[in-house]
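[1] Turn this into a model:
(chains A and B)
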Amino acid sequence: MSATVMIVDDSVTLRRLLRKELEGSGYRVVEAPDGNTALQQLATEPIQLVITDLNMDPMNGFELVRRIRETRPRESLPVLFLTTEAGDDLKIKGKSVGANGWLVKPLVPPRLHAALTHLLSKVSPA
Amino acid sequence: MIDVDPESLAVFLEEADELIADFEQCLLLLETLPDDREVINRAFRAAHTIKGGAGMLALNPLAAFTHELETLLDELRDKQLLCTQAIIEAMLASSDIIKAHLDLIRDGRSEKTSGQDAVLGRIWKVRAEGDMPPEAPPAPSAVVLAPGLQAVCVASTPTPVFQPMVSVTPVPAEAPAALEASAPAAEGHRNEAGSASIRVSIEKVDQLVNLVGELSITQAMIGELVQDYSPGKLLTLQESVAQLERHCRDLQQRVLNIRMVPVKGVFERFNRVVRDVAAQAGKQVSLEIHGEETELDKTVVEKIADPLTHLVRNAVDHGLEPTEARLSAGKPAKGLLKLSAYQKGANIFIEVQDDGRGLDRARILQKGRERGLVPEGREPTDDQVWDLIFQPGFSTAEKVTNLSGRGVGMDVVRRNIDDLQGKVSITTAAGQGTTFRIQLPLTLAMMDGLVVRVGKQVFLLPMVAVISSFRPTAKQLGRVDSTEVVEVRGVYVPVVRLYEVLALKQRVTEPTNAIIVVIDDGSRTFGLMVDELMGQLQVVVKSLEANYGRVKGVAGATILGDGQVALILDAPSLLGLTRDRGGHFTAAPGPLVIPNLERA
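    You can find the predicted model right below:
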């Protein structure tokens, strides 16, 4: 059984790159160009993990995670931020809204896969 | 100097290596998942276990240092703090310090390492920062580095949970010497664990990069020539292609060279093996190692370890006589075991030589007759007798010892070496000792082959086994008993007609119209009759076994320049096939089936 990962990012290029990497490792991928679409898809599709950009319009990454956490706790749906920088202050903010972790660009595939494998191994199959 | 039981120390070092690797894995995960409790827990357990082991063995400096790291992880865990970049970096630095400690301990020293205090300072600093609420500005570094704080922390350094073992059980005087022997053994094991990767010097890589550069330049040249070709440019084109060939061959060699590692890693472990087996067998043995820097393909090095271990154990247990027997035979009490490696041509030889009693020809032959391996009334040659010990279930040991004598083993040794496309031969002299010589190809991936044709089929013969080739005259041909022979430089050798062995439609049946390729595998020589020679090629060996299972007489396959598939023949074994068919000495095998590649 392969897990489904949702990529939330306004950049088509990034979504395509990440999709290729994830599908290459056997994940199913769902894309959303913005936070609202992401929330809609979460309500209808069986998604096990979310990777989201931070700077998006109209809803930024922090806001998206906050909204996700209203219905889905950290343990049932891990969320990773994907950003160019992850200073400690951003990490602390991320933690406070309920993100599970940070992927820092440029993406290092082994690191991505290690994190995904680890997080998904803890998610109980719904 | 460390005064503890060397066995426990070796176990600890091995475990610590694994733990520290896992610890670093956790740190990498924490960079992405900075507050994942499970990962922090795993890191904590790794540090905790290292500390515990170090404490048990009274490796106090390491125990004290790891305690600080453990405390940091404990705080992260209990206070659910976020692993900031600074914390991760401090822990990575700690991991380096622990590794430095482990290296020192391997050298027999247990002391503080250089740089340790600086890292401790960093640990205390991040711990002090962690006590602040997350939103507060970072603590000024001056506070943390104040000497007072440092003094407090040093005072909190724990004493080991257990007293040193020395005080409980006095360690025998030879312990330090034994430690030396056990440390390389532990290291050897570690190398084995990391077998999936190879360390390559930057220099080798740079040479490759350079060569690839050359290759693309030549390729571009050829591309240009072809695009705008006129007959007048033929010479330039030929030159460029020749250059391309040179670069390709060079690149091949260098890439293969990357796979080459010294046999040292395997040889080193035998210090330990010999010591243990000698102690169990109650014998005195000194081990001499020669040529440990000889390089061999990494896969081969890994796979040769098991058969070699078997040969070494056998040599100590069976080959060398008990001390009294040696003394009464006028030999030194201490048996000598020599392990050597050297390169000759495209082959590597590994020898296990003992100065023991030698193989007992009469007893082996008797056993062979009992088992029906040698028909009554037939006098086999020495080599054929020695060959018997490689038969499954064959053992002449009078009693089964813990170490050897169950008759399992030598056939496995032979099979392992066969798998590596190697050969094993024996020289032995009663009362003087036995030498097992293993011949191995330098690499399994490539080989030089002689291309020959029989009927419509093209085959490759490994160049290493080929001595010469010629078209025989009628005068050179003859028969000895029922065997067809050919004269090669004054000596008659048996002729093997390849089309007969492989049941092929031949074109040439008259030897004077055919070509005889003289094959020598180091112990036997024979002439292989083929229709014609087609040339010499360096080829990549493809395994057939995935699709066809193992085919006797066939070593693999390759794809020729024109796309045709050619079988690579295991030339020396072809002689065995004819002998088997004649129903002579060795047991007859099942029918030989060659996959039909003509349609492929």
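[2] which residues are in contact with the helix or strand hosting residue B:288?
    Per DSSP states H and E: residue B:288 is located in strand B:285-290. With contact meaning CB atoms under 8 Å, 6 or more residues apart in numbering or on different chains, strand B:285-290 is reached by B:267, B:270-271, B:274, B:277-278, B:316, B:320, B:334-342. To be clear about C-beta, it is placed using only N, CA and C from the backbone, and glycine gets the same treatment.
[3] same thing but 6 Å
    The contact list for strand B:285-290 (CB atoms under 6 Å, 6 or more residues apart in numbering or on different chains) reads B:267, B:274, B:278, B:316, B:334, B:335, B:336, B:337, B:338, B:339, B:340.
[4] ok, the fifth one - contacts?
    In this structure, residue B:334 makes contact with B:284, B:286, judged by CB under 6 Å, 6+ apart.
[5] is it true that residue B:554 touches residue B:567?
    Yes: using CB atoms under 6 Å, residue B:554 makes contact with residue B:567 at a distance of 5.3 Å.
[6] The stretch 451-600 of chain B against chain A: which residues are in contact?
    Applying CB under 6 Å from any CB of the partner chain, one finds that the stretch 451-600 of chain B does not approach chain A at all.
[7] Identify, from the contacts of strand B:285-290, the entry nearest to chain A.
    Proximity of the contacts of strand B:285-290 to chain A, judged by CB to the nearest CB, is greatest for residue B:267, which lies at 34.1 Å.
[8] does the closest one really touch residue B:292, like I thought?
    Yes: Residue B:267 lies in contact with residue B:292 (CB under 6 Å); the separation is 4.6 Å.
[9] ok, these two, which is more surrounded?
    Neighbour totals were compared for residue B:267 and residue B:292, and residue B:267 leads with 25 against 15 (other CB atoms under 10 Å in any protein chain shown).
[10] Now name the helix or strand holding that one.
    Using DSSP H and E, residue B:267 falls in helix B:264-281.
[11] which strands and helices sit next to that helix?
    With contacts defined as 3 or more CB pairs under 6 Å, 6 or more residues apart in numbering or on different chains; DSSP states H and E, the packing partners of helix B:264-281 are helix B:175-193, strand B:285-290, helix B:298-314.
[12] again, only this time at 7 Å
    Counting contacts by 3 or more CB pairs under 7 Å, 6 or more residues apart in numbering or on different chains; DSSP states H and E, helix B:264-281 packs against helix B:175-193, strand B:285-290, helix B:298-314, strand B:335-344.
[13] For the spatially most central residue of chain A, list the residues it contacts.
    Closest residue to the average C-alpha location of chain A: residue A:51 at 1.5 Å, with CA atoms, centre = their mean. By CB atoms under 7 Å, 6 or more residues apart in numbering or on different chains, the contact set of residue A:51 is A:5, A:7, A:18, A:80, A:82, A:103.
[14] Tell me the bridge partners for it.
    Per DSSP bridges, the residues bridged to residue A:51 are residue A:7, residue A:80.
[15] okay, residue B:37: pLDDT?
    Per-residue confidence (pLDDT) for residue B:37: 84.
[16] Then residue B:444?
    Note for residue B:444: predicted pLDDT of 68.
[17] re the thing from before, pull out the buried positions in the strand holding residue B:288.
    Applying a neighbour-count criterion of 16 or more other CB atoms under 10 Å in any protein chain shown, one finds B:285, B:287, B:289 buried in strand B:285-290.
[18] and if you look at stretch B:480-492?
    Going by neighbour count (16+ other CB under 10 Å), the buried part of stretch B:480-492 is B:483, B:484, B:485, B:486, B:488, B:492.
[19] Report the secondary structure element holding residue B:539.
    Using DSSP H and E, residue B:539 sits in strand B:532-540.
[20] so for that strand, what's the average pLDDT?
    Averaging pLDDT along strand B:532-540 gives 85.
[21] packing partners for that strand?
    strand B:446-454.
[22] After the strand it packs on, which helix or strand is next? Please name it.
    For strand B:446-454, the following helix or strand on the C-terminal side (DSSP H and E) is strand B:457-462.
[23] Who are the contact partners of residue B:307?
    B:413, B:416, B:417.
[24] and these as CSV, adding secondary structure, neighbour count and distance to residue B:543?
    Converted to CSV, the contacts of residue B:307 look like this (DSSP: H, G, I helix; E, B strand; the rest coil; neighbours: other CB atoms under 10 Å in any protein chain shown; distance: CB to CB, whole Å):
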residue, secondary structure, neighbour count, distance to residue B:543
B:413, helix, 21, 22
B:416, helix, 19, 16
B:417, helix, 23, 17
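[25] Can you redo those as TSV, where the extra columns are pLDDT?
    Below are the contacts of residue B:307 laid out as TSV (pLDDT from 0 to 100):
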residue	pLDDT
B:413	83
B:416	81
B:417	85
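[26] Out of the residues you listed, flag the one nearest to chain A.
    For these, the nearest to chain A is residue B:416 (34.3 Å; CB to the nearest CB).
[27] That closest one touches residue B:306, doesn't it?
    Yes: in this structure, residue B:416 is within contact of residue B:306 by CB atoms under 7 Å, at 6.2 Å.
[28] Report the buried residues of the host helix or strand of residue B:557.
    Using DSSP H and E, residue B:557 sits in strand B:554-559. The neighbour-count check on strand B:554-559 (16+ other CB under 10 Å) flags B:554, B:555, B:556, B:557, B:558 as buried.
[29] Just after that strand, pick out the following helix or strand.
    Using DSSP H and E, the helix or strand that follows strand B:554-559 towards the C-terminus is strand B:565-569.
[30] Which elements pack onto that following strand?
    If contacts are counted by 3+ CB pairs under 7 Å, 6+ apart, strand B:565-569 sits against strand B:457-462, strand B:554-559.
[31] can you put the ones you listed in JSON lines and add mean pLDDT?
    Listed next are the helices and strands packed on strand B:565-569 as JSON lines, based on pLDDT from 0 to 100:
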{"stretch": "strand B:457-462", "mean pLDDT": "89"}
{"stretch": "strand B:554-559", "mean pLDDT": "82"}
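[32] Identify the residues contacting residue B:120.
    Contacts for residue B:120 (CB under 7 Å, 6+ apart) come out as residue B:68.
[33] swap in residue B:98?
    With CB under 7 Å, 6+ apart, residue B:98 has these contacts: B:20, B:50, B:62, B:66.
[34] again, only this time at 8 Å
    Contacts for residue B:98 (CB under 8 Å, 6+ apart) come out as B:16, B:20, B:50, B:62, B:65, B:66, B:69.
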